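Enquirer: Generate a structure from the sequence data that follows.
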Amino acid sequence: MPDDLINGMICVGAISGSFGVRGEVRIKSFCAIPEDIATYSPLSSEDGATPYSITLSGPIKHGFCARLSGVTTKEQADALSGTRLYTERARLPSLPDDEYYYTDLAGLDVFDTGGTQIGQVKAVQNHGAGDLLEVQTINSSGTVLIPFTQIVVPTVDLKSRRIIIDPPDGLL
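Expert: Numbering: from 1, shown residues only. Predicted structure coming up:
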């Protein structure tokens, strides 16, 4: 997810449109446990200017139906379609040593096990089969997708801002 950490705020979801005619919205959660998005309420818009208290009404296809404070009509809900929802980074729970927030991986330098720099993490993708690091390679405008598994990525050092990979033959 590009731009998911802005001014100490992290993107936890997005409004994908209205639901019904009473101002409810469709919410897509980016949280590992999707329902947790409500625990980070109030959420804010990307510019931080508009806070929203959120109440989940129930699950729907591809997300949740929710009520946002100050949104009472279908037209207001329609106008929010595409709005990304943010919470303060400090409000998120600490993770175990072998888990990471996507935003913490973006921008890390990537090296192979021999110490050669491969590039820099541009983003983390997940299309349903597992996480992939999208790495912008050095001296190239292209990117390469690297499976984010313990075998292929044995070391993630957030303090040093670097990742060590052991790519399968032919990947690079």
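
Enquirer: quick one, what contacts the residue of the chain positioned farthest from its centre?
Expert: In the chain, counting by Cα atoms, centre = their mean, G114 sits farthest out from the average C-alpha position, at 30.3 Å. By Cβ atoms under 8 Å, 6 or more residues apart in numbering, G114 lies in contact with nothing. Glycine gets a C-beta too; all of them are placed from N, C-alpha and C.

Enquirer: now it: how far from I163?
Expert: Per Cβ to Cβ, to the nearest Å, G114 is found 14 Å from I163.

Enquirer: per-residue pLDDT, V144?
Expert: Turning to V144, the model gives it a pLDDT of 92.

Enquirer: three-state assignment of it?
Expert: State at V144, reduced to three classes by DSSP: H, G, I helix; E, B strand; the rest coil: strand.

Enquirer: Just give me the neighbour total for it.
Expert: V144 has 18 neighbours, counted by other Cβ atoms under 10 Å.

Enquirer: now Y86: how far from I54?
Expert: From Y86 to I54 the distance is 12 Å (Cβ to Cβ).
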